[in-house]
Each structure stands twice: as structure tokens, then as C-alpha cells.
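Student: Just a sequence and a predicted model for now, questions to come.
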Amino acid sequence: MNHFPIFLALEGRRVLVAGGGDAAIAKLRLLLKTTARITVVAENASPEIRQWAEAGKLTLIDRAQEPGDALCCVVAYGAHEDVALDARTLRLAAADGALVNLVDNLEKSQFITPAIVDRDPVVVAIGTEGAAPVLARKIKADLEAKLSAQLGVLARIGKTFRKAADVLPMGAVRRRFWGEYYDMVGPRAAQDGEAAIRDALDTLLDKHVRAEAREGHVDLVGAGPGDPELLTLKARKALDKADVVIHDRLVTPEILELARREALILDVGKEGFGPSTAQSDIDALIVEHARKGAHVVRLKAGDPTVFGRLDEEIEALDAAGVSWSIVPGITAASAAVATIGQSLTKRSRNASVRFLTGHDMKGFADQDWAALAQPGEVAAIYMGKRAARWMQGRLMMHGAAAATDITIVENASRADQRIHAATLATLPDRMTQVDGPAVILFGLAPRAASIALSEREIAL
Ligand code: SAH
């Protein structure tokens, strides 16, 4: 591609046309559709151009082009139909800082004007870089036939309606609404004028909003680490509206309590390495309920976007044409680090933090252990129970100090929360004392105050 297509903002900006014959008239017909301030510089301009000037549509300067005529012009056209005069325009206008096009002179032009199908504000530009003007004309004719004459007015009115249409959930549902407007409802109403188009849009939106209410929707909701107070307001609202709640094992009973009383609650709990519902069965279950018109809350521990197999569920929903949205939650690492009074990042200690999973880790050298082994590095390791000894080996092999601080936070934010202060050397042993879900905070020790608290808890 030697020529890159762009749409130039011309409102209030200057454009120069040098020349006053047929070639200039053809360019001016196009340019007059824009909101540019047009100047024509020509000796003996044709009567049509003089009329445009008299009507105030452009400024006509009755002489040959001079240096400075193209100052502040975005673009300038050489339209003299004379090679020498156009070459002069190129020199002068380029010196004034404008991009120059010489009519019918692809080689010397700094830009070219494409063939246009105009359904303002919808504009299709067609270019062949001079290779096949006939083909360009054919494509233009095809598109002219294909794009209805009212498309512009439909797009203009559609634009004013976009905010209103935001009540429909993003994705398939909203696309269906706009598809129906542009394919059927809009063109039909356009025959009766603009007011009819607006009325038709109102009715159509109403229809889709009502259909949507019946159609079912899936909220992929983060339940947070366990403490119901760490739910977002959005998560609570979703639970209030839910017809069906499909949750993981780690979601606590206190949170499930908040679901609408009539809601059907389904546990598709997955034990880390134990028996579990196959992911494909979970996907099918969510789709099945949404298709029946239910408002489904797919409730996942922590944040659904962190080690949550979220994408598989989204792909299943998209494939089934079911609308969905994500409600983020507080991930276990955030809750864990809060309980030990530390931050995940700290100036002059670590400017980045890694979230790792210990699941599936054995046998895969898929982490940058060497980088993590550097002093000051911090990582939150999820599902790390089984792989603790293996990770210890990897990190030490890459030079991590045996005394590197590690904190294991078990059942973060829950009543049975426990904080285990450890080092890289003691990690596997401390891990054997852990029963509940735990995050390993590599590179962080609890602040003194939180250790005292945890010892009290353990003593209890
Ligand atoms: N999406 C979840 C993570 C799911 S993976 C989130 O963002 O938190 C499951 C792992 O998360 C567990 O094995 C454990 O490592 C961690 N986890 C979840 N809840 C936890 C909690 N309350 N305390 C400590 N770790 C937790």
C-alpha cells in the first residue's frame, strides 16, 4: 500500500484550488460538500466558478497563483490541465506547507483523492493507486446500488440515538438492535421522513429492551475472598436479581445467603486436584439456564479474571449468542496482602508483582524463576500447596536466598483466616499446616502487628 487512506478534518480549514476550468470544477463539486473554506486562484475562471463565488461558497482570486496563496491550507489542488502551470502550483503550494495534488498526475501528486460513495456521514472511499480506474468506477457503482440513498440520514439519526441504546447490554444484544434498524426498520421508516425514523427507533428499542428482559443474561461475578463485606455493590445487586446462581467451591455460604430467596443455587465446585465438574459441563449449564430466560449469576471466588477459566465460559456464551458482563471482585492476593499490612508493590523494592499459579506447575519451566529469585521481587502464588517444594527448589536453584521472606495467608478475609510467616527454607513444612485455600506471598513478611494477631488467632 503506497497510499494510506485517511479522512481529513476540514471544518473551517483552508483548501486551495489553482485553475478555473473543467478539472477545477470537478474537484470543486466534491470539495463544496465539505465544510472547508475554499479559495480558487485562476485567471479566466469559468462562469460556474464565478457563480459559486458570488453565492459566497468560495473565494475567487482573479489572477495566477502567487507565493503565499496556499499558506494555512491543508491541501492544494493543481487543476490547470497544463503540466507547466501545475508544476508551478506544486512548487509554490508545497513551499507554503500544503499537501499538493495535481489532477490526473498520480506520480507528482503528494496525495490522491479517492472515488467516493457519499452517504454523509457514511462515506466510502475507493482507491486503486492508479492501477485500475475502471475497477474503481465499477466498485463505486456496485456500492452506490447497494447502499440505500437514505443510509446517510439513518446514520445521522442513529448517532443521536446511541446513548439511548446503551441501555441494551453490550455485545450480541446491542448488535441485533442496530442490525434490525439498518437492515429493515430504518429503511422502511425513511420513506415517511425523519420523524418517522425517530419514532421507529423508539419502538424498536422498546421491543429489544422487553425482549432482553425475557432473554436471559449472565453476570460473571467476582465474589471476593470470602468476607461478604468485600463484595462490590454491583455483585450484591446481581445477586439480588439472580434467578440462578452457579458458584464455585470457594464461594462462602455467607455470600450465597445474599442471593435472591427464590434463586436456584447450583454448586459446580472444583477441588484443586479432586473430583470436579468438567469445565465443558459448567459452560453448558450456564448457557442452558440463560437460554431459558434466566438471569444467571456465575459466581467465582476472588476476581473472575484471575485464574478463573473465565474465557472458556465467555466463548461458550458468545457461541450461544447469550449476553454477558463481568463484575470484578477482590482477588485473593489483594485480600491476603491487606491482612499482613503490606503492599504488593513498593517504591524502591519492587515495581512489578507477579500472579502465579502452582497448579499444573510441575514439569513446566514456564515461569521466569531467575527473575523472581532476585532480591526484592514479589509474587502472589495461587493454588501453590502441591507445588511448594518444587517451587522452593526452582527458586533456590536460581539463587534465591533461603531466608527470603514468605507469608502464607490461609482463608484470607474469613473468620478462620490464618497467617503463616515463613521463609523460602521453611515453605514446604509450613505448607503442611495449611488446610484451606491459601495464597503464598513470596518476598513479603507480615508486619509485626499482623504477626501478633495471627499468633493470637492460632492460639485460639
Ligand atoms: N479467582 C480467584 C482465584 C481462583 S484460583 C481470585 O481472584 O482470588 C483458587 C485459588 O485462589 C486458591 O487455591 C487460593 O490459592 C486462592 N484463594 C482463593 N480464595 C482465597 C482466600 N480466601 N484466601 C487465600 N487464598 C484464596
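Tutor: Yep, that arrived.
Student: per-domain residue ranges of the chain.
Tutor: For the chain, automatic domain parsing gives the domain ranges 14-113, 151-210, 217-330, 333-458.
Student: Report the contact partners of the residue of the stretch 151-300 of the chain found nearest the ligand.
Tutor: The ligand sits closest to P225 of the stretch 151-300 of the chain, with a gap of 3.7 Å, by C-beta to the nearest ligand atom. Backbone N, C-alpha and C define where each C-beta goes, glycine included. Contact analysis of P225 by C-beta atoms under 8 Å, 6 or more residues apart in numbering lists A301, G302, I330, T331, A332, S334, A335, A336, A412, S413, R414.
Student: Near the fourth one, how many other residues are there?
Tutor: Each residue near T331 was counted by other C-beta atoms under 10 Å, and the total is 24.
Student: now the second one
Tutor: For G302, the tally of surrounding residues (other C-beta under 10 Å) stands at 29.
Student: Per-residue pLDDT of it, please?
Tutor: pLDDT recorded at G302 is 98.
Student: Setting aside sequence neighbours, what's the nearest residue to the residue of the stretch 151-300 of the chain closest to the ligand?
Tutor: Leaving out its chain neighbours, the residue that sits closest to P225 by C-beta to C-beta, 6 or more residues apart in numbering is A335, at 3.7 Å.
Student: and if you look at P187?
Tutor: S148 (5.6 Å).
Student: Can you check my assumption that that neighbour lies in a strand?
Tutor: No - under DSSP: H, G, I helix; E, B strand; the rest coil, S148 sits outside any strand and is assigned coil.
Student: Quick check: phi and psi on it?
Tutor: As for S148, its main-chain torsions (degrees, to the nearest 10) stand at phi -60, psi 150.
Student: quick one: it from D199, how far?
Tutor: 19 Å (C-beta to C-beta, to the nearest Å).
Student: Would you work out how far apart the start and end of stretch 431-446 are?
Tutor: 16 Å (C-alpha to C-alpha, to the nearest Å).
Student: Equivalent analysis for stretch 359-369, please.
Tutor: One end of stretch 359-369 to the other measures 16 Å (C-alpha to C-alpha).
Student: who's in contact with the residue in the stretch 301-450 of the chain that the ligand sits nearest to?
Tutor: Proximity of the stretch 301-450 of the chain to the ligand (C-beta to the nearest ligand atom) peaks at G302, 1.9 Å away. With contacts defined as C-beta under 8 Å, 6+ apart, G302 is in contact with G222, A223, G224, P225, L250, G308, G329, I330, T331, A332, A335.
Student: tally of neighbours for the second one?
Tutor: Neighbouring residues of A223 were enumerated by other C-beta under 10 Å; the total is 30.
Student: ditto for the last one
Tutor: Burial of A335 is recorded as 23 neighbouring residues (other C-beta under 10 Å).
Student: how about it, secondary structure?
Tutor: Once three-state DSSP is applied, A335 turns out helix.
Student: Tell me the residues on the stretch 251-400 of the chain that lie near the ligand, please.
Tutor: Neighbours of the ligand within the stretch 251-400 of the chain, by C-beta under 6 Å from any ligand atom: 272, 300-303, 306-308, 331-332, 336, 382-383.
Student: would you turn these into TSV with secondary structure?
Tutor: Shown next, in TSV, are these (three-state DSSP):
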residue	secondary structure
G272	coil
K300	strand
A301	coil
G302	strand
D303	coil
V306	coil
F307	coil
G308	coil
T331	coil
A332	helix
A336	helix
Y382	strand
M383	coil
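Student: Spatially, which two of these are the most separated?
Tutor: Farthest apart among these by C-beta to C-beta are G272 and D303. That separation is 18.0 Å.
Student: Which one of the two is surrounded by more residues?
Tutor: For the pair G272 and D303, the greater number of neighbours falls to D303 (23 against 13), based on other C-beta under 10 Å.
Student: How about the contacts made by the more buried one?
Tutor: Contacts for D303 (C-beta under 8 Å, 6+ apart) come out as G222, P328, G329, I330, T331.
Student: What about these, which are in strands?
Tutor: G222 (DSSP state E).
Student: Of the contacts of D303, which is the most crowded?
Tutor: G329 (28 neighbours).
Student: What ranges does the stretch 151-300 of the chain have for its helices?
Tutor: Per DSSP state H, counting those that start in this stretch, the stretch 151-300 of the chain carries helices over the ranges 151-160, 162-165, 172-180, 186-190, 194-215, 233-241, 253-256, 279-291.
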